[in-house]
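Student: What follows is a protein structure lacking sequence information:
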């Protein structure tokens, strides 16, 4: 059985469901991401991880899409 790690990340720059889908699809492809829920209204991503993933890795993926991570 794996451990569940919950991570919440705030994102700036999403304007539509297309943005939401791009973020969700990109983060879901990272090894160790069990689930990814993106909220346009709340401007955040809720991740459930099966292993520790560096914040820098997640931030880099989000920023490569043209969005900003709020720390």
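Tutor: Structure's in. What do you need? Predicted model, so just to flag it, every value in this text is computed and none were measured. Numbers count the residues shown, from 1 in each chain.

Student: Do a quick rundown of the strands in the protein.
Tutor: For the chain, the strands defined by DSSP state E cover 5-12, 33-39, 44-49, 68-70.

Student: could I get these as a markdown table with mean neighbour count?
Tutor: All C-beta spots, glycine's among them, are computed from the backbone N, C-alpha and C. Converted to a markdown table, the strands of the chain look like this (neighbours: other CB atoms under 10 Å):
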| stretch | mean neighbour count |
| --- | --- |
| strand 5-12 | 14 |
| strand 33-39 | 16 |
| strand 44-49 | 18 |
| strand 68-70 | 14 |
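
Student: got those strands as TSV, with mean pLDDT and distance to residue 55 columns?
Tutor: Conversion of those to TSV gives the following (pLDDT from 0 to 100; distance: least, CB to CB, whole Å):
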stretch	mean pLDDT	distance to residue 55
strand 5-12	96	8
strand 33-39	97	13
strand 44-49	97	11
strand 68-70	95	8
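
Student: Let me have these in a markdown table, adding distance to residue 19 as columns.
Tutor: Putting the strands of the chain into a markdown table (distance: least, CB to CB, whole Å) gives the following:
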| stretch | distance to residue 19 |
| --- | --- |
| strand 5-12 | 9 |
| strand 33-39 | 8 |
| strand 44-49 | 11 |
| strand 68-70 | 12 |
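
Student: To residue 27, which of these lies closest?
Tutor: strand 33-39 (4.7 Å; CB to CB).

Student: so what does the closest one touch, helix or strand wise?
Tutor: When contacts are defined as 3 or more CB pairs under 8 Å, 6 or more residues apart in numbering; DSSP states H and E, strand 33-39 sits against helix 17-28, strand 44-49.

Student: can you state the direction angle for the first one and strand 44-49?
Tutor: If you take axes from the mean of the first three to the mean of the last three CA atoms, to 10 degrees, helix 17-28 sits at 20 degrees to strand 44-49.

Student: Compute the inter-axis angle for helix 17-28 and strand 5-12.
Tutor: 140 degrees.
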